[in-house]
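Asker: what follows is a protein structure lacking sequence information:
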């Protein structure tokens with residue numbers, strides 16, 4: 001999951017980034033509205049963490065831009081404003097949740113996952129495909145009843161596909177989950193991680209649709225690698 005954090009407090013942004021990146025999320029930071037709009041125009045984000053009190057305006061003014069996107073990301077408003085009217089304004093304007101500063105990054109992550117589960121096309125808390133079980137809430141994967149160990153990048157990639165199973169994910173969409181602005185990646189990096197996931201999970205679970213992208217599904221006729 002690639003996240004846009006719109007926050008002008010450098011220390012707070014650094015702390016939130018460090019916590020989320022340790023949980024296998026990719027985070028881009030925009031210190032103001034102008035940078036946030038430019039980032040949203042360039043990348044399809046899964047979530048936006050939005051501070052309201054920014055140096056160049058009210059964070060709520062970004063919500064119409066977000067609502068106009070073809071695929072609207074999760075929006076969680078982060079602010080020191082604790083007035084009920086401000087919270088109502090944020091939710092009415094399109095935010096999915098609201099968190100008052102100061103907050104614990106662990107609670108932020110829990111709220112993000114809760115919204116993610118509500119939006120997921122799979123209503124079950126644990127996605128089951130054949131003998132594969134993916135628990136997004138607890139970052140756990142089991143195959144044939146045994147835990148599967150994944151690296152942060154592998155988990156970041158699997159999370160995107162597991163949140164919307166059976167959907168075709170383009171190379172660009174999946175690559176956005178792996179790297180943020182300023183990160184360097186080889187042109188075949190995505191294929192490398194897809195290959196690693198197939199070795200660990202089984203080839204039958206990740207299908208390649210030539211010219212379109214990849215899909216997490218269960219194809220029992222596929223041979224294991």
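Answerer: Received the coordinates, thanks. Source: prediction; values computed, not measured.
Asker: drop to CA atoms for contacts and neighbour counts, all remaining ones
Answerer: Will do.
Asker: ranges for the strands of this structure?
Answerer: In the chain, the strands defined using DSSP state E lie at 2-6, 26-30, 47-51, 53-54, 57-58, 74-79, 97-100, 127-129, 132-135, 140-143, 146-147, 168-169, 206-209, 213-216.
Asker: helices and strands around the lowest-mean-pLDDT helix or strand in the chain, which ones?
Answerer: Using mean pLDDT, DSSP states H and E, the weakest-scoring helix or strand in the chain turns out to be helix 84-92, at a mean of 80. Applying 3 or more C-alpha pairs under 8 Å, 6 or more residues apart in numbering; DSSP states H and E, one finds that helix 84-92 contacts strand 97-100.
Asker: report the contact partners of residue 53.
Answerer: By C-alpha atoms under 8 Å, 6 or more residues apart in numbering, the contact set of residue 53 is 59, 79.
Asker: check what pLDDT it gets.
Answerer: The model reports residue 53 with a pLDDT of 86.
Asker: low-scoring stretches of the chain, by residue?
Answerer: Low-confidence segments of the chain (pLDDT under 70): 81-83, 120-125, 181-188, 220-225.
Asker: residue nearest the centroid of it?
Answerer: Nearest residue to the geometric centre of the chain (C-alpha atoms, centre = their mean): residue 1, 2.3 Å.
Asker: and the gap between that residue and residue 64?
Answerer: 22 Å (C-alpha to C-alpha, to the nearest Å).
Asker: got it, and residue 78?
Answerer: 17 Å.
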